[in-house]
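Peer 1: let's see this in three dimensions:
(chains A and B)
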Number of protein chains: 2
Amino acid sequence: MADQSTSPPLTRASVAEARELIRPFVHRTPVITSSSLSALASTSGQGKARPKFRLWFKCENFQKVGAFKARGAFHAIERLKKEPGWLAGGGAERGVVTHSSGNHAQALSLAARANGIPAYIVMPTISAPPKIAATKGYGATVIFSGSTSVEREAVTTKVIEDTGARLVPPYDHPDIVLGQGTLGLEFQEQVEAMMAEEGGEKTRGKKGLDAIIAPCGGGGMLSGVALSCEGTGIRVFGSEPSYQGADDAKRGYKSGVRVEAVSSLTVADGLRTPVGRIPWSIIYERRLVSGFYSVSDADIVRAMKLAYERLKVVIEPSSAVPLAVALYNEDFRAMVEQEAGEEGWDLGIVFSGGNVSLDALGKLFADGGVGDESK
Amino acid sequence: MADQSTSPPLTRASVAEARELIRPFVHRTPVITSSSLSALASTSGQGKARPKFRLWFKCENFQKVGAFKARGAFHAIERLKKEPGWLAGGGAERGVVTHSSGNHAQALSLAARANGIPAYIVMPTISAPPKIAATKGYGATVIFSGSTSVEREAVTTKVIEDTGARLVPPYDHPDIVLGQGTLGLEFQEQVEAMMAEEGGEKTRGKKGLDAIIAPCGGGGMLSGVALSCEGTGIRVFGSEPSYQGADDAKRGYKSGVRVEAVSSLTVADGLRTPVGRIPWSIIYERRLVSGFYSVSDADIVRAMKLAYERLKVVIEPSSAVPLAVALYNEDFRAMVEQEAGEEGWDLGIVFSGGNVSLDALGKLFADGGVGDESK
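Peer 2: So this is what the prediction gives:
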């Protein structure tokens, strides 16, 4: 990771610069809509709230490596290349390292390979074999460690000592935040263009989104999206699983103190992480996120199934969390009803990724899984 | 259906006119790419052929009602409205009728409702309850019949006698063919725009697709796409399941005689139909389709799984047929290797629809299903 002192300021303009840097390497993922799902969201609550929604979905599940993480990883590498002395000092030969068994591992591996840079990925020995295979498939060197964070960090430190590789953390760095935020800029532009094409009648004369809701794990993406909306009037909300305390950002936002540890086995496995310090400074200290809402694992799976049935997209459980909030969280729905009134809201929902095994899907769909309340 | 004597000529220009007519009512569905799937297609064969592919996917699974059928249905209604005397004679009050238990039933129901026109849908009593519910959900009147074509047609005739509704067949009519063909025009434009944005290096100086491969059931969509490509130099291929003789178009194309009946229980349930007369006149008599290729049900399910895993899209088995041909049909692969040479082909693949029940998916993914050769 480039030294933080060389990072651009955390502003919307810096997100726009990040976008230019990564443009050749990542997909401009499509935005899709669904009148049936918008209608359902406007009537689905079990409570009294009757908000009006028009939903827009930013499909980062179609991003390279199947998740938004490609944006941050490519940006991290581009920024490293610009750090004075890194290239000249042989940084590219020494490579990059991270500890992750998820989407960040694959994203960093891909970004490193695209630049001819070695990547070292520290993964727990117990990682699922397909994830190990996928990471190796992108050309990375996988190094195994124990499962605790202490064990992982010890192995990572050893790799850095042995190779001189630069650490690229998954979310707690300005360059990662700015990279992930690029999806927010695209989202805004795409909805504006789609509304312009549709004409005034359907869009009720509007010119863009009223709000965006995104999943929050480490908070790198959510805080980047929040930066991308600063000064636009678009409100940004975070969404989390409530299971076993995975709603750490929500609790921290309420108490004013960042929660530093989470131990949850929520089905939304990308969101088992506490919010990082730098994301927190944007989300909470600068108040660029307007609030947090959480949902049960059962509601997450219900929303995920609707995404498959109505939108025809493969998303991982973490991606279904903001949709579940829009459909089932009565606090959120009551807030939107009050704020948006008769007019309703054009709500942008971030589908963060689509990496879920067919085995896991099969279990959720055939056996009912955690969320199927119809059986 | 408008009287055929009032239909526009079967030309590319008429497809463009159809597109203007239906533009306000249907989605311009996204086109997606996947470098991993393109790489796999370029190496996946079990045989000697080593064609080079760059794959482009037209996602009609994101179309309204989850399938391209919305295009033909909306066009049929727009054309009816233009038929001299239909509106003035009370046609809109008498409505439209079809017999279908699939995507065409839902598409016609939606198009009729959008125009305030009654729709009568004749479905076999044994149809799956979710399909009946979905059709009713679009506001249609569902009328049950026996399962044989004789029984269905008798009931349909009775509905026409009773109501004066106009029959809208699923594929064997010029207005349907022209409506479905609109996806081909969009596909061409979208790939051209995406290539222009990427710049010359990645696209090797190309300006658009070399070929399109689409599924073939009744042939309405395939023949419409073929019309949309006439005079462009883009070659069009049909793809079918081989199971129990569902490769009727392939056999007919070879023998010179259209096969008029098919009785197959292929997993690609949208393709159990013989090619209609009007599609055949375009596909075979005018030779606007260059050839047909077929694949086993096992290969169809293998390709479907890859679409889920790599592309993150929900497609129905019928949609996976052209991808299965590109990946696994050695005749097709050898042909492409020979025709395309070192340069390779930019191949457009039509994902025709995404309507598959989660139950069916669960079985395919959890239990292995027909196509899982890894168990």
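
Peer 1: return the set of buried residues in the top helix by length along chain A.
Peer 2: Longest helix in chain A by number of residues, with DSSP state H as the criterion: helix A:174-198. By neighbour count with 16 or more other Cβ atoms under 10 Å in any protein chain shown, helix A:174-198 contains the buried residues A:174-188, A:190-191, A:194-195. For every residue, glycine as well, the C-beta is placed using N, CA and C.

Peer 1: show me what it is packed up against.
Peer 2: Identification of packing neighbours for helix A:174-198 by 3 or more Cβ pairs under 8 Å, 6 or more residues apart in numbering or on different chains; DSSP states H and E yields helix A:12-22, strand A:31-33, strand A:53-59, helix A:69-82, helix A:220-229, helix A:277-280, strand A:345-351.

Peer 1: and stretch A:353-360 with chain B, contact?
Peer 2: Yes: part of stretch A:353-360 sits near chain B under the criterion Cβ under 8 Å from any Cβ of the partner chain, namely A:354, A:358, A:359.

Peer 1: of these, buried ones?
Peer 2: A:354, A:358.

Peer 1: nearest to chain B among the residues of stretch A:353-360 next to chain B?
Peer 2: residue A:354 (3.4 Å; Cβ to the nearest Cβ).

Peer 1: burial check on the nearest residue in space to that closest one that is not next to it in sequence, number of neighbours?
Peer 2: The shortest distance from residue A:354 to any non-neighbouring residue, by Cβ to Cβ, 6 or more residues apart in numbering or on different chains, is to residue A:61 (3.0 Å). Using other Cβ atoms under 10 Å in any protein chain shown, residue A:61 has 25 neighbouring residues.

Peer 1: mind checking the SS state of the one residue in the stretch 51-200 of chain A that gets nearest to chain B?
Peer 2: Residue nearest to chain B within the stretch 51-200 of chain A: residue A:61 (4.4 Å; Cβ to the nearest Cβ). What DSSP: H, G, I helix; E, B strand; the rest coil gives for residue A:61 is helix.

Peer 1: against residue B:92, how distant is it?
Peer 2: Between residue A:61 and residue B:92 the distance is 41 Å, computed by Cβ to Cβ, to the nearest Å.

Peer 1: residues from chain A in reach of chain B?
Peer 2: A:27, A:30, A:32-33, A:35, A:59, A:61-62, A:64, A:66, A:305, A:308-309, A:311-315, A:354, A:358-359, A:361-367.

Peer 1: now those: which count as buried?
Peer 2: For the residues of chain A next to chain B, a burial check counting by 16+ other Cβ under 10 Å picks out A:27, A:30, A:32-33, A:59, A:61-62, A:64, A:66, A:305, A:308-309, A:311-315, A:354, A:358, A:361-366.

Peer 1: I'd like the distance between the residue nearest to residue A:113 when sequence neighbours are not counted and residue B:215.
Peer 2: Using Cβ to Cβ, 6+ apart and skipping residues adjacent in sequence, the residue nearest residue A:113 is residue A:139, 4.3 Å away. Distance of residue A:139 to residue B:215, computed by Cβ to Cβ: 35 Å.

Peer 1: now do residue A:178
Peer 2: Residue A:178 is 43 Å from residue B:215, by Cβ to Cβ.

Peer 1: repeat that for residue A:176.
Peer 2: In terms of Cβ to Cβ, residue A:176 sits 42 Å off from residue B:215.

Peer 1: and what of residue A:289?
Peer 2: 45 Å.

Peer 1: show me what contacts the closest residue to chain B within the stretch 201-350 of chain A?
Peer 2: As assessed by Cβ to the nearest Cβ, chain B sits closest to residue A:312 within the stretch 201-350 of chain A, at 3.4 Å. If you count contacts by Cβ atoms under 8 Å, 6 or more residues apart in numbering or on different chains, residue A:312 has them with B:59, B:61, B:62, B:66, B:313, B:314, B:315, B:354.

Peer 1: mind running it again at 6 Å?
Peer 2: Residue A:312 sits next to B:61, B:62, B:314, B:354 when contact means Cβ atoms under 6 Å, 6 or more residues apart in numbering or on different chains.
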